[in-house]
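>>> return atomic coordinates for the entry below.
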Amino acid sequence: MSKNPNKYITEAEFNSITSHADLLRILDEKKVDFSDVLAKIHYEKEKEKLQVELVKLQQWVKKNNKRVAIIFEGRDAAGKGGNIRRFTEHLNPRSMRLVALNKPTDVEKGQWYFTRYIQHLPNPGELVFFDRSWYNRAVVEPVMGFCNPHQYEQFMVQLPEFEHMLYEDGVTIVKFWLSISKEEQLKRFNAREDNPLKRWKFSPVDKKGQEYWDDYTKYKERMFSKTHTPFSPWVIVKTNKKETARLECMRYVLSLFDYENKDDSNVSLLPDPNVIMRYFRSLHKYD
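Model (predicted):
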């Protein structure tokens, strides 16, 4: 079957492209399916508009000495780092921090479990993003054998009170669980191994993600049942479609605050309930 030469963009046509509109017009004339191109353009435009709102939110947080902690949890390869990068891309680093802690030191292992996290909580006027958090002990540690049953049970008892104290002290905590299917996780694992720029992300713990899938499910469901509270709810995000998940996470955070000039935004700040929602036990999730 011969290729249709009319579908190729000529050099003259290529040189005439100065905008997205020019490209789309040429593709339309050549009867080329450009739905993927439109989706990418829409994503980039929405992302830029939402990032403008995040800059406004950060200025409001700083001006009013608010303390905001945004936690990203989920299985490996669910998109925690990618989400945080889009959130922080244009924020002022002087009033924003990323917390991604390494494994605890011997000294930290001898301390109260929450101690190593307390020092990273937001100061007045600051946004802090946690790429994993104290919830390591709720799921990853018991699955991988990094804590004993007594440490786990003690943590689960103390956790709601710990978050309630933060709430009473004025800290706003947003807890995202990025929900990914087993098939999509495997696909992303394979992509990481094939990409030298992402291979560093693939750790021995990641390799156990597929093998221990059911164990992770058991512990995460118990975590939800014990730590989903009115003052610190879990927000579930379907993340098989990375770009959609990023936009909806931004919308959700922006929807929580009445920051200055919010009404002047030219983008929807209402999160899609088919993608992002508060946890409840009967909810059908990817994972």
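>>> every contact and neighbour count from this point should use C-alpha atoms.
Noted.
>>> now the helix or strand hosting residue 172: mean pLDDT?
Here residue 172, judged by DSSP states H and E, is contained in strand 171-179. For strand 171-179, mean pLDDT rounds to 98.
>>> partners of it, with directions?
Note on strand 171-179: by DSSP bridges, its sheet partners are strand 67-74 (parallel), strand 234-238 (parallel).
>>> for that strand, give me every contacting residue.
For strand 171-179, contacts defined as CA atoms under 8 Å, 6 or more residues apart in numbering pick out 66-75, 78-80, 122, 166-167, 232-240, 253, 285-287.
>>> related to what we said a few turns ago, out of the strands paired with strand 171-179, which gets nearest to residue 42?
Ranking the strands paired with strand 171-179 by proximity to residue 42 (CA to CA) places strand 234-238 first, at 19.2 Å.
>>> pull the distance from the closest one to the chain's centre.
Put simply, strand 234-238 sits 9 Å off its chain's centre (CA atoms, centre = their mean, to the nearest Å).
>>> show me which residues of the helix or strand residue 47 falls within are buried.
Assigned by DSSP H and E, residue 47 belongs to helix 35-63. Buried residues in helix 35-63, counting neighbours by 16 or more other CA atoms under 10 Å, are found at 43, 46-48, 50-51, 53-62.
>>> quick check, nearest of those to residue 156?
The nearest member of the buried residues of helix 35-63 to residue 156, counting by CA to CA, is residue 61 at 30.7 Å.
>>> can you pull the pLDDT of the closest one?
On pLDDT, residue 61 comes in at 98.
>>> that one reaches residue 126, doesn't it?
Yes: using CA atoms under 8 Å, residue 61 is in contact with residue 126, at 6.6 Å.
>>> excluding its backbone neighbours, what's nearest residue 65?
residue 125 (3.8 Å; CA to CA, 6 or more residues apart in numbering).
>>> swap in residue 206?
Nearest in space to residue 206, with sequence neighbours left out and distances taken as CA to CA, 6+ apart, is residue 76 at 6.0 Å.
>>> where does the one you found sit: helix, strand or coil?
Following DSSP: H, G, I helix; E, B strand; the rest coil, residue 76 is assigned to coil.
>>> ok, which stretches of the stretch 51-200 of the chain are helices?
80-88, 106-109, 115-118, 140-144, 149-168, 182-194 (DSSP state H, counting those that start in this stretch).
>>> mean pLDDT for those helices - can I get that in CSV?
Supplementary listing: the helices of the stretch 51-200 of the chain in CSV, determined by pLDDT from 0 to 100:
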stretch, mean pLDDT
helix 80-88, 97
helix 106-109, 96
helix 115-118, 98
helix 140-144, 96
helix 149-168, 98
helix 182-194, 90
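>>> how about the ones you listed in CSV, adding mean neighbour count and distance to residue 30?
Below are the helices of the stretch 51-200 of the chain laid out as CSV (neighbours: other CA atoms under 10 Å; distance: least, CA to CA, whole Å):
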stretch, mean neighbour count, distance to residue 30
helix 80-88, 18, 34
helix 106-109, 10, 63
helix 115-118, 13, 57
helix 140-144, 18, 51
helix 149-168, 14, 58
helix 182-194, 15, 33
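>>> quick check: which of the ones you listed is nearest to residue 269?
helix 80-88 (14.4 Å).
>>> which strands or helices does the closest one pack on?
Helices and strands touching helix 80-88, by 3 or more CA pairs under 8 Å, 6 or more residues apart in numbering; DSSP states H and E, are helix 35-63, strand 67-74, strand 126-131, helix 242-255.
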